[in-house]
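Colleague: For reference, the sequence and a predicted model appear below.
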Amino acid sequence: MIRRLPAVLLLPILACSSGTKASTGRSQHEADSVIANSEAPGAAVAKKALDAQDSAQALDTVAAGQ
């Protein structure tokens, strides 16, 4: 029980990390978009995931406005 306590305390801290990467100044979505539009292996899968995320976010925005 005592050994699990530090992990439990770190979880909320890690979950609240900044949306911007300090090294590049890009948001996570921008960094993922760069990868998705590259020729890297798996880029097509990343593109599909970003498209799905964008579609879901658009639907959430529309639903919130109604």
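Modeller: Yes, it's here.
Colleague: so where is the chain shaky, pLDDT-wise?
Modeller: 1-22, 66 (pLDDT under 70).
Colleague: Now do the helices in it.
Modeller: 5-15, 28-36, 43-65 (DSSP state H).
Colleague: Using CSV, lay out these together with mean neighbour count.
Modeller: Glycine gets a C-beta too; all of them are placed from N, C-alpha and C. Converted to CSV, those look like this (neighbours: other CB atoms under 10 Å):
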stretch, mean neighbour count
helix 5-15, 8
helix 28-36, 14
helix 43-65, 11
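Colleague: so what's Thr24 up against?
Modeller: Listed by CB atoms under 8 Å, 6 or more residues apart in numbering, the contact set of Thr24 reads Ala31.
Colleague: Then Asn37?
Modeller: Asn37 sits in contact with Ala43, Lys47, where contact means CB under 8 Å, 6+ apart.
Colleague: try 10 Å
Modeller: Ala43, Ala46, Lys47, Leu50 (CB atoms under 10 Å, 6 or more residues apart in numbering).
Colleague: distance of it from Val45?
Modeller: With distances taken as CB to CB, to the nearest Å, Asn37 is found 13 Å from Val45.
Colleague: How much space separates Ser55 from Ala49?
Modeller: 11 Å.
Colleague: still on that earlier bit, how about the contacts of Asn37 in CSV, adding distance to Gly25?
Modeller: Output for the contacts of Asn37, formatted as CSV (distance: CB to CB, whole Å):
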residue, distance to Gly25
Ala43, 22
Ala46, 20
Lys47, 22
Leu50, 19
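Colleague: what's the most distant pair in those residues?
Modeller: Using CB to CB, the contacts of Asn37 span at most 10.3 Å, a distance reached by Ala43 and Leu50.
Colleague: shared neighbours, the two?
Modeller: In contact with both Ala43 and Leu50: Ile35, Ala36, Asn37, using CB under 10 Å, 6+ apart.
Colleague: now, among these, which is nearest to Ala63?
Modeller: Looking across the shared contacts of Ala43 and Leu50 and measuring by CB to CB, the closest to Ala63 is Ala36, at 25.4 Å.
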